[in-house]
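Trainee: I'd like to go over a predicted model; first the sequence, then the structure.
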Amino acid sequence: MKIHALATGKVQVKRSFLYPGHGPRRQLNLFLPGPWADSLPIHCWAIEHHGVLRLVDTGETAAARNVPFARMEVTRDQELPAAMAAADLALDDVSEVVLTHAHGDHIDGTVHVRARVLMNEAELRFVAKPSSGVMRRLLRQPLPSGFAPEPLVLDGGPFGAFPRSRPISDDGRIVAVDTPGHTPGHVSVICIDDSGNHVMLAGDTTDSLEQLHSLRVDAVAPKPDVHVATMRTILAHCAQHPTVYLPSHDPESAARLAEAVTSST
Ligand SMILES: [Zn+2]
């Protein structure tokens, strides 16, 4: 199995996005003037396993608009096709895409993809709600054209500490697990690498490993309790299995992946 970190440009977010206040200020501060943090990478991931190439998320495109709390720094030559070419991979070889959640910096790159695209049925239901449509219009974040993922049903029973999961590969070494919080139907993908480590492609479950250890609720989670419960589940999983935790926007994720591969060979 080989896992590649792909980068489709960067995003700069307000400090209040990374270190939210409490109560109503948690979300309100996002829309008020405030300092900005350093730019973060927008990662997505390619997994080569038994001759099959899969993607987890598809990154952002240059067409993305800024929102009051995030500025996109993506050029055409940083989009998915170029990010894959930089890893010596070809889009035409991709057979399947799993999306962690329906935010633009994870799904906009689907415009480049012809393979089948899967997203948690709970996330699809959330996207279809009228209130989600209103938010997309207010923030000027339309779904990418032709966006029609197939529903992924997490009916595979528990996996480690996660109560709900679904094998993605036939041999069960690539598994989607339920990680609600950042969005209601957010999933992560765990790969059991050749040395038995669990490599967790964590989407936006947290922005960093530090946030996970701090159990700090993010600024956009609709239900803070659900987000904290997921972070506790991830930590419980990490205590059961050696796990390399790779959030999409953690500046340390690519190095952590590279180190995990080096130390196991
Ligand atoms: Zn994101």
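Mentor: Noted; the coordinates are in hand. The shown structure was predicted, so the numbers you read here are calculated from the model rather than taken from an experiment.

Trainee: Going by C-alpha atoms from here, please, whenever you check contacts or count neighbours.
Mentor: Will do.

Trainee: Return the distance of the residue nearest the centre of the chain relative to residue 2.
Mentor: With distances taken as C-alpha atoms, centre = their mean, the chain has residue 203 as the residue nearest its mean C-alpha position (1.9 Å). Note on residue 203: its distance to residue 2, by C-alpha to C-alpha, to the nearest Å, is 18 Å.

Trainee: what do you get for residue 125?
Mentor: The spacing between residue 125 and residue 2, counted by C-alpha to C-alpha, is 32 Å.

Trainee: what residues does stretch 59-72 touch?
Mentor: The set of residues external to stretch 59-72 that reach it, using C-alpha atoms under 8 Å, 6 or more residues apart in numbering, is 7-14, 17, 30-31, 42-44, 73-76, 78-80, 104-109, 139-141.

Trainee: Point out where the stretch 151-265 of the chain drops to low pLDDT.
Mentor: Along the stretch 151-265 of the chain, the model assigns pLDDT under 70 to residues 263-265.

Trainee: one step back: of the contacts of stretch 59-72, grab the buried ones for PyMOL.
Mentor: What follows is the PyMOL syntax selecting those of the contacts of stretch 59-72 that are buried according to 16 or more other C-alpha atoms under 10 Å:
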select buried, resi 7+8+9+10+11+12+13+14+17+30+42+43+44+73+74+78+79+80+104+105+106+107+108+109+141
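
Trainee: Narrow the contacts of stretch 59-72 to those in helices?
Mentor: The subset of the contacts of stretch 59-72 located in helices under the criterion DSSP state H comprises 17, 80, 104, 105, 106, 107.

Trainee: Of the residues you listed, which pair is most distant in space?
Mentor: Of all pairs drawn from these, the one with the largest separation by C-alpha to C-alpha is 17 and 80; the distance is 25.3 Å.

Trainee: The contacts of stretch 59-72 in strands, which ones?
Mentor: Counting by DSSP state E, the contacts of stretch 59-72 place 7, 8, 9, 10, 11, 12, 13, 42, 43, 44, 73 in strands.

Trainee: contacting residues for the residue nearest to the centre of the chain?
Mentor: Contacts of residue 203 were listed using C-alpha under 8 Å, 6+ apart, and they are 57, 100, 101, 187, 188, 246, 247, 248, 249.

Trainee: Surely residue 109 and residue 76 touch.
Mentor: No. Using C-alpha atoms under 8 Å, residue 109 is not in contact with residue 76; the gap is 11.0 Å.

Trainee: Residue 227: helix or strand, and which one exactly?
Mentor: Assigned by DSSP states H and E, residue 227 falls within helix 224-240.

Trainee: Give me the contacts around the helix or strand following that helix.
Mentor: Following helix 224-240 in sequence order, the next helix or strand is strand 243-246 (DSSP H and E). Residues from elsewhere that reach strand 243-246 (C-alpha under 8 Å, 6+ apart): 197-203, 209, 237, 253-254, 256-257, 260.

Trainee: Next, the buried residues of strand 243-246.
Mentor: By neighbour count on 16+ other C-alpha under 10 Å, the buried set for strand 243-246 is 243, 244, 245, 246.

Trainee: With distance to residue 158 as added columns, please give those in TSV.
Mentor: Written out in TSV, the entries for these read as follows (distance: C-alpha to C-alpha, whole Å):
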residue	distance to residue 158
243	17
244	19
245	19
246	21
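
Trainee: out of these, which one sits closest to residue 147?
Mentor: residue 246 (25.6 Å).

Trainee: Show me what that closest one is bridged to.
Mentor: With DSSP bridges applied, residue 246 shows beta-bridge pairing to residue 201.

Trainee: And residue 70, by the same measure?
Mentor: Beta-bridge partners of residue 70, counted by DSSP bridges, are residue 13, residue 67.

Trainee: Can you get me a residue count around it?
Mentor: Residue neighbour count, defined by other C-alpha atoms under 10 Å, stands at 17 for residue 70.

Trainee: how near is the nearest residue to residue 197 once chain neighbours are set aside to residue 64?
Mentor: Excluding the flanking residues, the one nearest residue 197 by C-alpha to C-alpha, 6 or more residues apart in numbering is residue 242, at 5.4 Å. Between residue 242 and residue 64 the distance is 36 Å, computed by C-alpha to C-alpha.

Trainee: quick one, which of the two is more surrounded?
Mentor: Set residue 242 next to residue 64 and count neighbours by other C-alpha under 10 Å: residue 64 wins out with 19 against 13.
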